[in-house]
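>>> build me a model:
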Amino acid sequence: MPERSRILLTGWFSFLDGEATAGDVLALHRVQEVLRRARLDHEVAWSPGFRPAGPHLAEVRPEDYSHLVFVCGPLHGPQIEELHRRFAHCVRIAVGTSVVDARGPAVTGFHRVLARDAPDTEPTTDLAARAPAPPSRPVVGVILTHGQREYGARRRHERVAGEVTRWLSGRDCARLELETRLDVHDWRLSATPAQLEAVLSRLDLVVTDRLHGMVLALRAGVPAVAVDPVEGGAKVTAQARACGWPALVPAERLDASALDHWWDWCGTAGRDLARDIGARFRRDAARDGADGLLQALAPHPAR
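Okay, here's the model as predicted:
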């Protein structure tokens, strides 16, 4: 390559109405790794809908680049054809892509196509498979409710859900939306408690404003950041006290700093306490209402 060459990396993640998939971005990371090792100057053009900070494809100056590399995805459509027109002076290469119509202008506009699959050719491994391994991230179950109308004017459920989800969107974690409701017809929901517990036991943390979101997490030995969505405190607060679980944020004191505090605690001392509480539940060492049921069922003298 010429000494002063500069490469612009593009893909479907670059287009205004495109989309960024995990596979596409990992494929990009694989290409970036190769270019970094070769010490080749390069830049990525992002869709403003995915990376508002850019740089964005519509704003880059084509004359600043010697090469354009299109990474991953299918080669078809007017957006790719526009790349050929706009970057006509660049050497244009497609890598890790699917070729549907080898004679289409989106394909023939490239000087070189290093396809992952194309008619009459042997497929190659997708770029994402060999992407650099990212650092581990916590897996967080999110269990929220928008119901509980019985609390009337004390309900703060919508505000709690909005603040919690905005806060979560800024945490570097894998988020998994869960529901304690069981349903034998909806494949997206657990049909039995055992199925839900199988998921909970594999999590690093649960964030919830539901009583059972907290209790079932602790039962699985998983720490929970619990928020009571009822002003003044209600059943979530009462149950946290009964379980001996301190990671509770009242609705009226909900903010990012309180959530951050308990997030950090759940990643350290909270993990040990959650395991201890789960073990106590399994040993039947915690009292509940059923302990007095037989006495309540026994015959009582007439009044």
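>>> just the endpoints, please. Distance across stretch 250-261?
14 Å (CA to CA, to the nearest Å).
>>> got it, and stretch 111-121?
18 Å.
>>> now it, how far from the centre of its chain.
32 Å (CA atoms, centre = their mean, to the nearest Å).
>>> identify the residues contacting it?
For stretch 111-121, contacts defined as CB atoms under 8 Å, 6 or more residues apart in numbering pick out 72, 75, 91-99, 102, 107, 123-127. For the C-beta atoms, the positions are set from N, CA and C on the backbone; glycine is no exception.
>>> which helices and strands does the one helix or strand D276 maps to pack with?
Assigned by DSSP states H and E, D276 falls within helix 269-282. Contact partners of helix 269-282 among helices and strands, from 3 or more CB pairs under 8 Å, 6 or more residues apart in numbering; DSSP states H and E: helix 211-219.
>>> after the helix it packs on, next one along is what?
In N-to-C order, the element after helix 211-219 by DSSP H and E is strand 224-228.
>>> elements contacting that following strand?
Applying 3+ CB pairs under 8 Å, 6+ apart, one finds that strand 224-228 contacts strand 205-208, helix 211-219, helix 235-243, strand 248-250, helix 256-266.
>>> right, so these: which one is the most enclosed?
Greatest average neighbour count among the helices and strands packed on strand 224-228 goes to strand 205-208 (a mean of 26), per mean count of other CB atoms under 10 Å.
>>> now the longest helix along the chain, how far from the centre of its chain.
When the chain is parsed with DSSP state H, its longest helix is helix 22-37. Distance of helix 22-37 from the chain centroid (CA atoms, centre = their mean) equals 20 Å.
>>> only alpha carbons, please: show it as CSV.
C-alpha atoms of helix 22-37 as CSV (Å, rounded to 0.1, in the frame of the first residue of the first chain):
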residue,chain,number,x,y,z
ALA,A,22,-23.3,-7.8,17.4
GLY,A,23,-21.9,-10.0,14.6
ASP,A,24,-21.2,-7.0,12.3
VAL,A,25,-19.4,-5.1,15.0
LEU,A,26,-17.3,-8.1,16.0
ALA,A,27,-16.4,-8.6,12.3
LEU,A,28,-15.3,-5.0,12.3
HIS,A,29,-13.1,-5.6,15.4
ARG,A,30,-11.5,-8.5,13.6
VAL,A,31,-10.7,-6.3,10.6
GLN,A,32,-9.4,-3.5,12.9
GLU,A,33,-7.1,-6.0,14.7
VAL,A,34,-5.6,-7.0,11.3
LEU,A,35,-5.0,-3.3,10.3
ARG,A,36,-3.6,-2.3,13.7
ARG,A,37,-1.1,-5.2,13.6
